[in-house]
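Colleague: Structure, please.
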Amino acid sequence: MGADDAGSPTLPTSHDIVQRVRRWSGQRRIGHTGTLDPMASGLLVLCLGVATRLVEYYQGHEKKYEAQVTLGRATDTYDAIGRTVALGPIPSLTAANVEEALDAFRGQIMQQPPVYSALKQGGESLHRKARRGEAVEIAPRPVTVHEINLLSFDPPDGISLRVRCSAGTYVRSLALALGEALGTVAHLSYLRRLGAGPFSVADASALPDIEDAAASRRLADLLTAPDAGLGMPRLTVNEEEQVRLGHGQKIYQDCASAASLAAAYDRRGRFLGITRALAADGSDNGTLWKAEKWLAQQLVRIE
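Modeller: Have a look, this model is predicted:
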């Protein structure tokens, strides 16, 4: 399920959205595949019930964003809701200057994550440590910016961007670094997630629609299948193989893909779970597979 909040003066957090959908749906187990920043709107992919066991397989998807950067002011959170930590003069800039600066942020780059973030250190979110006034050190880490396009430049301080990036990229950090590259300071003033892997905000359900559907017992109409968008090779198993995998045993089977993971299906096309290819043992029987997340029994119970 995709949840879309179109934006408001006080946006609900990802945790707030999970809590609301849990209350409306009556589903105790709900997870999401990537936290939205506190000031961000747009797509939040939710996994309900048995699908929560698949969250980890969706978290590595690339993300797409529309963003606005405001020059001349830096904040401790790198975005508009933070405390001002610096003001700086803005050079006389043109769209060409901005385009030239953006070149440095395309491809794989080393990025400094914000201290105020959901990243964890010692089992605790960094933003909790920072808000207690504790010193937090984060090493820069590699991320990939597949595309960063200038949508518009509104002199002297407004920059609108569209970004497609790897999971774990902070657009807030891009805003800060872009300001420095342009000879000033900056913060992120608007952020909307447009997509996550195969999921698009255009196909998402707005929160009021989810609430209405749940109240009228139509929530199932908004749900996609648990395997939607996994993007894994397909492994079709017979009944005997299905039973063996469900009991934690291994099976041999040919698979054209060299990928280590595959989505398993029965011969009627029903999704069964995730399997992992094990190291070859020299046998001519094919690839050795074992269930990694086996959902078959649980999926049958909820059909």
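
Colleague: can I assume Leu71 is in contact with Phe153?
Modeller: No: using Cβ atoms under 8 Å, Leu71 is not in contact with Phe153; the gap is 10.1 Å. C-betas here are computed from N, CA, C, even on glycine.

Colleague: Sketch out the low-pLDDT regions of the chain for me.
Modeller: Applying pLDDT under 70 to the chain flags residues 1-10, 116-136, 255-258, 279-285, 297-303.

Colleague: per-domain residue ranges of it.
Modeller: As given by automatic domain parsing, the domain ranges for the chain are 3-60+199-222, 62-196, 234-302.

Colleague: Would you reformat those as CSV and include distance to Ala228 and mean neighbour count?
Modeller: Formatted as CSV, the domains of the chain follow (distance: least, Cβ to Cβ, whole Å; neighbours: other Cβ atoms under 10 Å):
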stretch, distance to Ala228, mean neighbour count
domain 3-60+199-222, 8, 17
domain 62-196, 12, 17
domain 234-302, 9, 15
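
Colleague: Can you pull the residues that touch both of Leu71 and Phe153?
Modeller: Shared contacts of Leu71 and Phe153 (Cβ atoms under 8 Å, 6 or more residues apart in numbering): Leu93, Ile159.

Colleague: can you map out the helices along the stretch 151-300 of the chain?
Modeller: Per DSSP state H, counting those that start in this stretch, the stretch 151-300 of the chain carries helices over the ranges 171-181, 207-215, 239-246, 296-302.

Colleague: With distance to Gly34 as added columns, please give those helices in JSON lines.
Modeller: Putting the helices of the stretch 151-300 of the chain into JSON lines (distance: least, Cβ to Cβ, whole Å) gives the following:
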{"stretch": "helix 171-181", "distance to Gly34": "13"}
{"stretch": "helix 207-215", "distance to Gly34": "17"}
{"stretch": "helix 239-246", "distance to Gly34": "29"}
{"stretch": "helix 296-302", "distance to Gly34": "24"}
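
Colleague: So which of those helices is nearest Leu43?
Modeller: Proximity to Leu43, assessed across the helices of the stretch 151-300 of the chain by Cβ to Cβ, is greatest for helix 207-215 (12.3 Å).

Colleague: what separates that closest one from the chain centre, distance-wise?
Modeller: 23 Å (Cα atoms, centre = their mean, to the nearest Å).

Colleague: same thing with stretch 53-60?
Modeller: Averaging C-alpha positions (Cα atoms, centre = their mean) puts stretch 53-60 9 Å from its chain's average.

Colleague: Check stretch 184-200 too.
Modeller: That offset, for stretch 184-200, works out to 11 Å (Cα atoms, centre = their mean).

Colleague: do the same with stretch 176-195
Modeller: 19 Å.

Colleague: Can I get that stretch as PDB, trimmed to CA atoms?
Modeller: Provided in PDB are the C-alpha atoms of stretch 176-195 (Å, rounded to 0.1, in the frame of the first residue of the first chain):
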ATOM      1  CA  LEU A 176      23.500  22.000   2.300                       C
ATOM      2  CA  ALA A 177      26.300  21.000   0.100                       C
ATOM      3  CA  LEU A 178      24.800  22.800  -3.000                       C
ATOM      4  CA  GLY A 179      24.700  26.000  -1.000                       C
ATOM      5  CA  GLU A 180      28.400  25.600  -0.100                       C
ATOM      6  CA  ALA A 181      29.200  24.900  -3.800                       C
ATOM      7  CA  LEU A 182      27.500  28.100  -4.700                       C
ATOM      8  CA  GLY A 183      29.400  30.200  -2.200                       C
ATOM      9  CA  THR A 184      26.800  30.600   0.400                       C
ATOM     10  CA  VAL A 185      24.700  28.600   2.900                       C
ATOM     11  CA  ALA A 186      21.400  26.800   2.300                       C
ATOM     12  CA  HIS A 187      18.600  24.600   3.600                       C
ATOM     13  CA  LEU A 188      16.000  22.300   2.100                       C
ATOM     14  CA  SER A 189      12.700  24.200   2.100                       C
ATOM     15  CA  TYR A 190      10.400  21.600   0.400                       C
ATOM     16  CA  LEU A 191      10.600  17.900  -0.200                       C
ATOM     17  CA  ARG A 192       8.100  15.500  -1.800                       C
ATOM     18  CA  ARG A 193       8.800  11.900  -2.500                       C
ATOM     19  CA  LEU A 194       7.600  11.000  -6.000                       C
ATOM     20  CA  GLY A 195       8.600   7.400  -6.100                       C
END
